[in-house]
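Novice: Sequence below, structure please.
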Amino acid sequence: MELFNQYLFIGCEATLEESDVVLFGAPYDGTSSFRPGSRFASSRIRIDSYGLETYSPYLDRDLEDKKVHDAGDLSFSFGNRDLVLKTIKEFSQEIVQKGKKPLMIGGEHLVTLPTVEALYEKYKDLVVVHFDAHTDLRNDYMGEKLSHATVIKNIWEFLGDGRIYQFGIRSGLKEEFQWADEGHTLLNKFGYDRLDEAIGMIKDKPVYVTIDLDILDPSIFPGTGTPEPGGISFSDMMQIINKLSLLNIVGADVVELSPDYDPTGVSTAVASKIIREVMLIL
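Specialist: Next comes the predicted model:
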């Protein structure tokens, strides 16, 4: 499978064979409904990662003590959404079959679907923990079933009730919130005050974590395709990641940075740091 990479994320120099975690980019934004540009996220994040240290004082962990392989970015034909999803799924399957954990940089949120599908093939009791400003629970978006606005509903179709935990949600159709409240997902509006409760419910089940960076308030993170006021702070995100370290995480992604909407570069720096922290809890 063709991949390309000019830079490695800092601290990710391990070979594929010796690695525990495999980082890769999915530079696709073909269903973005407002502002495209997340296809550029993974390449910019890698460059910005060299402004970081490998050590995290938040977690007291260091990437130099870990084995992470940066596989680069998948190569896509942007006009063929189905082929893009197939490529992501096949690469994720390769990682999982080798007994390693995937950490994907998006791209828009639809890229989460094929990686979760690949992990579900191995972990039939998989649960998804979802951080986002948006519900992503539509049946379709303007007649299209496969969209970044429908990704969590598509995942629910094979995971079923009680297997998806959503946090930070503050935007969506009334019908989406009502559907979630019927017991299909645990949906925590506006924040993450029910995260401890969810962790207690999940226990040691295998977990996939998906972080849509627009969960952050746009005053902190303007560089995203669908900014939504009323989000959490960076300190909140560090607390969340610390709590997530208690879970049995088998894969994760960080999606929806659109770097060109923040010419200061702050959004890219924030994304890079969040990825470092997620990498360390994997």
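Novice: so Q93 touches V116, yeah?
Specialist: No. Between Q93 and V116 there is no contact under Cβ atoms under 8 Å: 11.8 Å. C-betas here are computed from N, CA, C, even on glycine.
Novice: For stretch 152-167, give the mean pLDDT please.
Specialist: Averaged over stretch 152-167, pLDDT sits at 98.
Novice: Could you work out the end-to-end span of it for me?
Specialist: Criterion Cα to Cα, to the nearest Å; first-to-last residue distance in stretch 152-167 is 13 Å.
Novice: Return the set of buried residues in whatever helix or strand L85 lives in.
Specialist: Assessed by DSSP states H and E, L85 sits inside helix 81-97. By neighbour count on 16 or more other Cβ atoms under 10 Å, the buried set for helix 81-97 is R81, V84, L85, T87, I88, K89, F91, S92, Q93, E94, I95, V96.
Novice: Show me where the stretch 101-250 of the chain dips below the pLDDT cut-off.
Specialist: The stretch 101-250 of the chain contains no residues with pLDDT under 70.
Novice: How are the helices of it distributed by residue range?
Specialist: 112-122, 151-159, 174-179, 195-202, 234-244 (DSSP state H, counting those that start in this stretch).
Novice: Which strands and helices lie in contact with the first one?
Specialist: In this case it means helix 112-122. helix 81-97, strand 101-106, helix 151-159, strand 206-212, strand 248-255 (3 or more Cβ pairs under 8 Å, 6 or more residues apart in numbering; DSSP states H and E).
Novice: residues contacting the closest residue to Y261 other than its chain neighbours?
Specialist: Leaving aside its chain neighbours, Y261 sits nearest to G223 (4.7 Å; criterion: Cβ to Cβ, 6 or more residues apart in numbering). If you count contacts by Cβ atoms under 8 Å, 6 or more residues apart in numbering, G223 has them with L257, S258, P259, D260, Y261, D262, V266, S267, T268, A271.
Novice: and what of F177?
Specialist: F177 is in contact with T135, I169, L187, K189, counting by Cβ under 8 Å, 6+ apart.
Novice: and of those, the nearest to H109?
Specialist: Distance to H109 across the contacts of F177 (Cβ to Cβ) is lowest for T135, with 11.4 Å.
Novice: what residues are up against the closest one?
Specialist: I152, Q166, I169, S171, G172, L173, E176, F177, A180, L187.
Novice: Buried ones only from the residues you listed, please, as a ChimeraX command.
Specialist: Here is the ChimeraX command that selects the buried residues among the contacts of T135 (16+ other Cβ under 10 Å):
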select :152,166,169,171,172,176,180,187
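Novice: Show me the two of the contacts of T135 that sit farthest apart.
Specialist: Within the contacts of T135, Q166 and L173 form the most distant pair, 14.3 Å apart (Cβ to Cβ).
Novice: just to revisit the earlier point, in JSON lines, list the contacts of F177 along with distance to A198.
Specialist: Listed next are the contacts of F177 as JSON lines, based on distance: Cβ to Cβ, whole Å:
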{"residue": "T135", "distance to A198": "17"}
{"residue": "I169", "distance to A198": "13"}
{"residue": "L187", "distance to A198": "11"}
{"residue": "K189", "distance to A198": "14"}
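Novice: What is the neighbour count of the closest residue to G231 other than its chain neighbours?
Specialist: Of all residues beyond its chain neighbours, the one nearest G231 is D217 (3.6 Å), with distances taken as Cβ to Cβ, 6+ apart. For D217, the count of nearby residues is 18 (other Cβ atoms under 10 Å).
Novice: and if you look at P227?
Specialist: As a burial measure, P227 scores 21 neighbours (other Cβ under 10 Å).
Novice: And it, its phi and psi?
Specialist: Here is the backbone geometry of P227 (degrees, to the nearest 10): phi -70, psi 140.
Novice: OK, contacts around the nearest residue to it once chain neighbours are set aside?
Specialist: Nearest non-adjacent residue to P227, counting by Cβ to Cβ, 6+ apart: P218, 3.8 Å away. P218 makes contacts with T224, P227, E228, P229, G231, as judged by Cβ under 8 Å, 6+ apart.
Novice: Measure how buried the first one is and give me the count.
Specialist: Think T224. 29.
Novice: One more: D196?
Specialist: Residues within reach of D196, counting by other Cβ under 10 Å, total 11.
Novice: go on, V207?
Specialist: By other Cβ under 10 Å, 22 other residues sit near V207.
Novice: show me the contacts for it.
Specialist: Listed by Cβ under 8 Å, 6+ apart, the contact partners of V207 are L126, V127, V128, V129, L247, N248, I249, V250.
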